[in-house]
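Chemist: Give me coordinates for this.
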Amino acid sequence: QVQLVESGGGLVQPGGSLRLSCQASGGSFSLYVFGWYRQTPGKQRELVARELSGGSINYSDSAKGRFTISRDNNKRTVYLQMNALQSEDTAVYYCGGFERWSTVAPIWGQGTQVTVSS
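Modeler: Okay, the predicted model is just below:
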């Protein structure tokens, strides 16, 4: 199975942009679809954007129009481009790997902190 490592988080001002990366190692990258989720203290992890097994992409309402998920199969990397960031986007962002057409529990990275503040 794949192992996932996120990077690219940091401190950004409101209205700014960040690109998160999720590097996969091991396993067969093409057998997985990936998603970005986020979590703040005391709250459940929530969907930001996720590839679906059929090829479409699901975005949360807050992410639509501002965030874009993409993947580079050659680099075995999944990205989350985040634009027009708001303070409400502050969270730890996690990359999740889901076996296509499977109900097996997802694989998670360690997370990367995104802080939006002036």
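Chemist: Could you report the neighbour count for Val5?
Modeler: 14 (other CB atoms under 10 Å). Heads up, the C-betas are built off the backbone N, CA and C, glycines and all.
Chemist: Once you drop chain neighbours, what's closest to Gly10?
Modeler: Leu18 (6.6 Å; CB to CB, 6 or more residues apart in numbering).
Chemist: Just want the most central residue of the protein.
Modeler: Trp36 (2.3 Å; CA atoms, centre = their mean).
Chemist: one step back: just the pLDDT for the residue nearest to Gly10.
Modeler: With respect to pLDDT, Leu18 scores 98.
Chemist: Please renumber the chain so that the first residue is 34 from this point on.
Modeler: With 34 as the first residue, the last one maps to Leu51.
Chemist: Could you point out which residue ranges in this protein have low pLDDT?
Modeler: Of all residues in the chain, none has pLDDT under 70.
Chemist: show me where it has strands.
Modeler: 36-40, 43-45, 51-58, 65-72, 79-84, 90-92, 100-105, 110-115, 124-132, 140-141, 145-149 (DSSP state E).
Chemist: What helices and strands are in contact with the fourth one?
Modeler: Looking back up the chat, that one is strand 65-72. strand 51-58, strand 79-84, strand 100-105, strand 110-115, strand 124-132 (3 or more CB pairs under 8 Å, 6 or more residues apart in numbering; DSSP states H and E).
Chemist: Could you rerun that using 10 Å?
Modeler: strand 36-40, strand 51-58, strand 79-84, strand 90-92, strand 100-105, strand 110-115, strand 124-132, strand 140-141 (3 or more CB pairs under 10 Å, 6 or more residues apart in numbering; DSSP states H and E).
Chemist: Gly59: what's it in contact with?
Modeler: Neighbour list for Gly59: Gln34, Val35, Gln36, Leu37, Arg109, Ile140 [criterion: CB atoms under 10 Å, 6 or more residues apart in numbering].
Chemist: no wait, Cys128
Modeler: Cys128 touches 37-40, 53-57, 67-70, 102, 110-113, 139-145, counting by CB under 10 Å, 6+ apart.
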